[in-house]
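# Build me a model from this:
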Amino acid sequence: MKNLLYIGNKLHKHGFNKTSIETLGAFLAEEGYTTVYTSNKKNQSSRLYDMMITTFLKAKKVDYILIDTYSTSSFWYAFFCSQIARLFATKYIPILHGGDLPNRLNKNPYLCRLIFKYAYKNVAPSHYLLENFREKGFTNIVFIPNSIALKEYEFKERKNIQPKLLWVRSFAKIYNPKMAVEVFKLLKEKHPEATLTMIGPDKDGSLLETQEFAKGLNLEVNFTGKLSRKEWTDVASEYDIFINTTHFDNTPVSVMEAMALGLPVVTTNVGGIPYLLTDKENALLVADNKPKEMVIAIESLLKNKEMVQKLTSNAKLLVFTMDWQAVKLKWKELLV
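Numbering: from 1, shown residues only. Got it, this is the predicted structure:
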C-alpha cells in the first residue's frame, strides 16, 4: 500500500470543525494507506512553517502528497508545499476545496499555474470546479466527490414537517449566518411557533456578531457552539428543515449530511451548489442573501407534503453516490 503525506488544516482538537484531512484522511487510513499528516498547529504562521518543514523532510519518503487547497489565506499552504514537492519530483495532488478558487485562478494565474499545471492530478470534488479548471486549460483534473460514511447517518422520513429550522456551519462571514436569523425573523411573523438552532464553532468573530444580531431583533435562537458529528446529527432528528445561507460554496459536507438524515434542504444558489443540487428535484435553491426568497421556499415545504417527500427521496438517492464505499474506488484508482 502507498505512503502518503497529507497537508491540511488539522484543527479539530482546537475546537474547529473537522476538515478533509481528518475525514478523508481517516477513510484512507482505514483502507491501509500509511499517512503522515501536517499540520495541527493553531497559529497560522506556525502551521505554514510546520507544513513546509514536514514536506521538505518527507517528500522523498512518500509516494504521493495530498494538499487540501483553498481560495483564501490557506491557498499559500498549497503554493509553498507544492513547490517543495516539485523540487523533490514527488507526485502531489491538490484537492480543490475553495468555493472561490475560480476567482483565484483569475487573480493569480501565474501562481495557480505553478501549483496546478505541474500536479500529478488535481482532484475536484464538484463539477463546478471541474468545469472552471478545464475552462482555464487544466487537463490533469479528475472528479472525486466529497464523501461520508452513510452507515453513520439514520434517514428519518418527515411526514408532517414544522417550521423547525437547523443551520450547521462554522460561523464565518462567507457563510452568511446573519441571513439565517433574518429568515427566522420573517418566518416567525407568520409562524410564531418557528424555531432556529445554529450549530458550529466561531471562525472569524461571526458567532458573537450573529448572537448580538438575534438579540437586537428580540429573537430566541439556540446557539449550541461546536458539536461532534454524533451530537449534531442526534439534534437534527428534532428539526424538519435544513437551511444553508452561504455566499460561497463548493460541495458542503453539512448539506450532504442533512440529506442523509432526511432533512429537506433550502440553500442559496451559489458556487458549486447548482452543480450539486437541482432546484425542486432534490432541494430548493434561492438567490444569495435573499431571506424573503428563502422564507417563501420554506413556506412551500410547510404547505406541500408531496414536495417534501419528493425532495428528500431524491436527495437520498444522490447522497448514495457520495458514500465512501463508492467514492473509495475512485481514490484507489488514482493512488495506484
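# quick one: contacts of stretch 13-30?
Applying C-beta atoms under 8 Å, 6 or more residues apart in numbering, the external contacts of stretch 13-30 come out as 4, 6-12, 35, 37, 40, 42, 66, 68, 95, 97, 146-149, 170, 200-201, 203, 226, 229, 253, 324, 328, 331. Placement of C-beta: from N, CA and C, glycine included.
# Point me to the helix or strand that includes Met294.
If you go by DSSP states H and E, Met294 is part of helix 291-303.
# what's in contact with stretch 99-106?
Residues contacting stretch 99-106 (C-beta under 8 Å, 6+ apart): 69-72, 75, 98, 112, 128-129, 132-133, 136, 174, 246, 248-250, 270-272.
# which of the residues you listed count as buried?
With neighbours counted by 16 or more other C-beta atoms under 10 Å, the contacts of stretch 99-106 contain buried members at 69-71, 75, 98, 112, 128-129, 132-133, 136, 174, 246, 248-250, 270-272.
# pLDDT (mean, whole number) over whichever strand or helix holds Val308?
Assigned by DSSP H and E, Val308 belongs to helix 305-320. Helix 305-320 shows a mean pLDDT of 97.
# which residue packs closest to Tyr128, ignoring adjacent ones?
Gly272 (3.5 Å; C-beta to C-beta, 6 or more residues apart in numbering).
# should've said Val295
Leu186 is the one closest to Val295 (C-beta to C-beta, 6+ apart), at 4.6 Å.
# The one you found: how many residues sit nearby?
18 (other C-beta atoms under 10 Å).
# I'd assumed Leu207 was in contact with Phe223.
Yes. With contact defined as C-beta atoms under 8 Å, Phe223 reaches Leu207; the gap is 7.0 Å.
# Spatially, what comes nearest to Ala124 if we skip its sequence neighbours?
With C-beta to C-beta, 6+ apart, the residue lying closest to Ala124 is Leu130, at 4.0 Å.
# these two touch, right, that neighbour and Phe143?
Yes. Under the criterion of C-beta under 8 Å, Leu130 makes contact with Phe143 at 5.1 Å.
# shared neighbours of these two, which are they?
Joint contacts of Leu130 and Phe143 (C-beta under 8 Å, 6+ apart) are Ala124.
# Compare neighbour counts for these two and give me the winner.
Between Leu130 and Phe143, Leu130 has the larger neighbour count (other C-beta under 10 Å), namely 21 against 13.
# I'd like to know how far the more buried one sits from Asn106.
17 Å (C-beta to C-beta, to the nearest Å).
# Also Thr210?
From Thr210 across to Asn106, the span is 31 Å (C-beta to C-beta).
# got it, and Trp331?
30 Å.
# out of those two, which sits in the busier spot?
The neighbour comparison of Trp331 against Asn106 (other C-beta under 10 Å) goes to Trp331, with 19 against 11.
# For the strand or helix carrying that one, name the packing helices and strands.
Element membership for Trp331, per DSSP H and E: helix 324-334. Packing partners of helix 324-334 (3 or more C-beta pairs under 8 Å, 6 or more residues apart in numbering; DSSP states H and E): helix 20-30.
# Quick one: name whatever helix or strand follows the helix it packs on.
Using DSSP H and E, the first helix or strand after helix 20-30 is strand 34-38.
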